[in-house]
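**Q** The amino acid sequence is not available; the structure is as follows:
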């Protein structure tokens, strides 16, 4: 697992380097958090393409389980990608509420994610 480290006003952000690397489940996310934390980053940026489609199916509870770990370990996550074509109302509501709270952000660009991290 390789990262690009961005340094902003509020500290380091670890961006998962490969948009093709697939995070398969909770263990992969725990490794992601541990590796980023080892590098001194409390904020993590991944790409939508790093996530299995099941992540976005709220019935699987994968998203809730994984995102709860970010809250437990006091880390922030930005997921970067195009979320404009989401048909599921519950997923749209989940994304909107996540963005409102600010621990987990669903944003369109890396720049938006880095700016949001610096603002909080």
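**A** Arrived safely. Owing to the predicted nature of the structure, the values given are computational and were not obtained by experimental measurement. Numbers count the residues shown, from 1 in each chain.

**Q** Poorly predicted segments of the chain, please.
**A** Within the chain, the stretches with pLDDT under 70 are 120.

**Q** count of neighbours near residue 93?
**A** 11 (other C-beta atoms under 10 Å). For every residue, glycine as well, the C-beta is placed using N, CA and C.

**Q** Helix, strand, or coil at it?
**A** Classification of residue 93 using DSSP: H, G, I helix; E, B strand; the rest coil returns helix.

**Q** before we move on, what about residue 42?
**A** In three-state terms, and counting by three-state DSSP, residue 42 is strand.

**Q** Please name the nearest non-neighbouring residue to it.
**A** Spatial nearest neighbour of residue 42, chain neighbours left out: residue 75 (5.5 Å); criterion: C-beta to C-beta, 6 or more residues apart in numbering.

**Q** what helices or strands is the host helix or strand of residue 68 leaning on?
**A** Under the criterion DSSP states H and E, the helix or strand holding residue 68 is helix 62-72. In terms of contacts (3 or more C-beta pairs under 8 Å, 6 or more residues apart in numbering; DSSP states H and E), helix 62-72 is packed against helix 26-38, strand 76-80.

**Q** can you rerun that using 7 Å?
**A** helix 26-38 (3 or more C-beta pairs under 7 Å, 6 or more residues apart in numbering; DSSP states H and E).

**Q** Run the angle between the helix it packs on and strand 76-80 for me.
**A** For helix 26-38 against strand 76-80, the angle by axes from the mean of the first three to the mean of the last three C-alpha atoms, to 10 degrees is 110 degrees.

**Q** Would you indicate which residues of helix 26-38 are buried?
**A** The neighbour-count criterion (16 or more other C-beta atoms under 10 Å) identifies 28, 29, 32, 33, 35, 36 as the buried residues of helix 26-38.
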